[in-house]
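Q: Please find the sequence and the predicted model below.
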Amino acid sequence: MLTKRELLVLTEIIKLYTDSGQPVGSKTLLNSLPMHVSSATIRNDMAALEDQGLIMKTHSSSGRVPSPAGYRYYLDNLLQPVTVAPADIERIEKSFDGSYNKMDDIIAQSAQMLSQLTSYTAITLGPEVHSLTLEGFRLVPLGGRQVMAILVASDGSVENQLFTLPPSIDSGELEKAIRLVNDQLVGMPLTEVADKLHSDVPAMLMQYMSTPDGFLNVFGDVLKQAVTEHFYVGGRLNLMDYFSPDNKDELKRVLHIMDEKDALNQLLAPSEERPISVRLGSELSDDSLRNLSLITAKYSVADYGQGMIAILGPTSMPYSKIIGLLDAFRGEMAKRLTDYYKDLH
């Protein structure tokens, strides 16, 4: 159990180290604390915190830095988010100004905005795809047997993909199949449509097509693209600031994670139900992330489900400031996405 003064000393060490990036000595701490105590008292408090594994010495200095356990204790018990300054609120609001043709434009742009606001790497994920329904499907002939498959979802997003139709597909049968999809499946959740592709739809198509496999492959591929969650990453190159030249392999691994949907999904998988949570490197999905921290924040968009925004940066991030900023950002993002959905109807 820490004393009140030890709690204050730990908080101040984390603040000073976050601000300067330099180990904190007792003299620096003595001049920074809002109380008058002797240097011997400060040294005793620092020794007590070190004995409990909350701070540690560095090889290059007699000062102390927070340990992972110290950061964890601070995050769980001491952190107080900083209220975002009016100027930053205005920057956030202005960053969302503009017209967007589809929801993914907002999600993608928000990753760039958040990275610029924080100078860290930002990851954004739109509301869950299970809330989306099929609005329409068509094939546009491009010459020969090549077509563009176009699928429209209820959020206004459009997925398209080029295909070369096999000779076994008859154009007349193809038109009937497209009409069947639009008559029978429009309005259903995309995830339900995907399930029906493996159950009801093949039998339905057999009424109009001698061999429905070719059409099912085309429709199935573009549908799979539509139901796949889209992650957007802003500020990838900021990660280079946190790896030394000796750690090139680790940096490559982290950059690979940023480019792989499955790896990102694993990284962002929530470990708790808090609206905003922080996980330190040892708590993350890959050992190459051990010197980084991940802050995730959920946001809700009316009846369209929840999305997520996240910041990946060094363990010594100014957590109070970044969490306050994330909280304001997710509120504005939810508002803009809610307005976007309203404009669709």
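A: Nice, I can see it.

Q: could you show me where the strands are in the stretch 101-250 of the chain, in order?
A: 121-125, 134-143, 146-153, 158-164, 231-234 (DSSP state E, counting those that start in this stretch).

Q: L174: which of those is closest?
A: Ranking the strands of the stretch 101-250 of the chain by their distance to L174 (criterion: Cβ to Cβ) puts strand 134-143 first, at 6.9 Å. For the C-beta atoms, the positions are set from N, CA and C on the backbone; glycine is no exception.

Q: What is that closest one packed up against?
A: When contacts are defined as 3 or more Cβ pairs under 8 Å, 6 or more residues apart in numbering; DSSP states H and E, strand 134-143 packs onto strand 146-153, helix 171-184, helix 213-227.

Q: thinking again about what came up before, dump the strands of the stretch 101-250 of the chain to a markdown table, plus distance to K224, mean neighbour count and mean pLDDT.
A: Formatted as a markdown table, the strands of the stretch 101-250 of the chain follow (distance: least, Cβ to Cβ, whole Å; neighbours: other Cβ atoms under 10 Å; pLDDT from 0 to 100):
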| stretch | distance to K224 | mean neighbour count | mean pLDDT |
| --- | --- | --- | --- |
| strand 121-125 | 18 | 25 | 95 |
| strand 134-143 | 13 | 15 | 90 |
| strand 146-153 | 10 | 18 | 90 |
| strand 158-164 | 9 | 14 | 87 |
| strand 231-234 | 16 | 21 | 93 |
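
Q: Need those strands in TSV (columns: distance to K57).
A: Listed next are the strands of the stretch 101-250 of the chain as TSV, based on distance: least, Cβ to Cβ, whole Å:
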stretch	distance to K57
strand 121-125	30
strand 134-143	61
strand 146-153	56
strand 158-164	55
strand 231-234	36
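
Q: got the buried residues for the host helix or strand of A87?
A: Taking DSSP states H and E as the definition, A87 sits inside helix 86-95. Neighbour-count burial for helix 86-95 flags 88-89, 91-92, 95 (criterion: 16 or more other Cβ atoms under 10 Å).

Q: can you check stretch 301-311 too?
A: The neighbour-count check on stretch 301-311 (16+ other Cβ under 10 Å) flags 301, 304, 307-311 as buried.

Q: just how off-centre is it within its chain?
A: Per Cα atoms, centre = their mean, to the nearest Å, the displacement of stretch 301-311 from the mean C-alpha position of its chain is 10 Å.

Q: pLDDT of it, averaged?
A: What stretch 301-311 shows for mean pLDDT is 85.

Q: That stretch: end-to-end distance?
A: One end of stretch 301-311 sits 20 Å from the other (Cα to Cα, to the nearest Å).

Q: Ok, stretch 280-291 next?
A: Start-to-end span of stretch 280-291 (Cα to Cα) is 8 Å.

Q: quick one: buried residues of it?
A: Using 16+ other Cβ under 10 Å as the test for burial, stretch 280-291 gives 280-281, 284-286, 288-289, 291.

Q: who's in contact with that stretch?
A: 68, 71-72, 75, 242, 249-251, 253-254, 257, 263, 266-267, 269, 271, 292-294, 312, 314-315 (Cβ atoms under 8 Å, 6 or more residues apart in numbering).

Q: do that again at 10 Å, thanks
A: With contact meaning Cβ atoms under 10 Å, 6 or more residues apart in numbering, stretch 280-291 is reached by 68-69, 71-72, 75, 242-244, 247, 249-257, 263-269, 271, 277, 279, 292-294, 312, 314-316.

Q: In this structure, where's the longest helix?
A: When the chain is parsed with DSSP state H, its longest helix is helix 319-344.
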